[in-house]
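*Asks:* Build me a model:
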Amino acid sequence: MDLRQQHIQLATKLPKRLLDFFRKYPPPALTQGIPAATSTTDGNSTISSAAPPTDPNASVPDSGAPSSSEAPYRNPFQPHKHHVTGRWHPPVFGLRRQADLVKLAQQHGVVSLLPYTIKLPGERAKRREEFGLRVKGTGVGQRVKGKLWERTLKGRLEERKKAMLAMPAMIQEWKQKGHGRGWKKWPK
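*Replies:* Residues are numbered from 1 along each chain as shown. Purely as a prediction, here's the structure:
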């Protein structure tokens, strides 16, 4: 069985949502090796649904628009800059829809065919490893501000430790002065 037959067999098992996505945004790895669709005598196309669809207007190129061979592959999961106006266009799929597509592709084993997205499995761990934990004060030589009780805790614990070390002497003095009868709170 050749590669094309494998792709056709895989495409018959994919859900409609994934098929529609791959029809609109075919993976560049698959489109490079697959020839254009051929039409049969009855007018039906023999291309598989995993391969890119043919554009009926492709034979008549538009003078203002770049042809499909010139146009770069645009990732629908990332924003892109319009080549004429210079303005940024948002991604076609938001983060929630990206996550849904990735989960669906994982269930059917075609995650490797999806374009890059931060929702891919293992991507979060890779970014955490690359950039680290981004919390202010966790870098080298930095301190987290914290609450007032957190900032003063160390000093209070040191005072308690000193008081506990001085406690036997204080108990002895208290016993000598008559168990509180001669005990003065503040010396005069």
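*Asks:* What are the buried residues along stretch 148-167?
*Replies:* By neighbour count with 16 or more other CB atoms under 10 Å, stretch 148-167 contains no buried residues. No exception for glycine: its C-beta is placed from N, CA and C like everyone else's.
*Asks:* what about residue 8, which helix or strand?
*Replies:* helix 3-13 (DSSP states H and E).
*Asks:* Quick one: list the elements packing against whichever helix or strand comes after that helix.
*Replies:* Next helix or strand after helix 3-13 toward the C-terminus (DSSP H and E): helix 16-24. Counting by 3 or more CB pairs under 8 Å, 6 or more residues apart in numbering; DSSP states H and E, the packing neighbours recorded for helix 16-24 are helix 95-108.
*Asks:* what does the helix it packs on contact?
*Replies:* The contact list for helix 95-108 (CB atoms under 8 Å, 6 or more residues apart in numbering) reads 13-15, 17-18, 21, 77, 91, 93, 111, 113-114, 117-121.
*Asks:* which parts of it are buried?
*Replies:* So, applying 16+ other CB under 10 Å, buried residues of helix 95-108: 97-98, 101-102, 104-105.
*Asks:* Check stretch 9-25 too.
*Replies:* Residues of stretch 9-25 classed as buried by neighbour count (16+ other CB under 10 Å): 10-11, 14, 18, 21-23, 25.
*Asks:* Need the max-distance pair from the residues you listed.
*Replies:* Farthest pair in the buried residues of stretch 9-25 (CB to CB) is 10 and 25. Separation: 16.6 Å.
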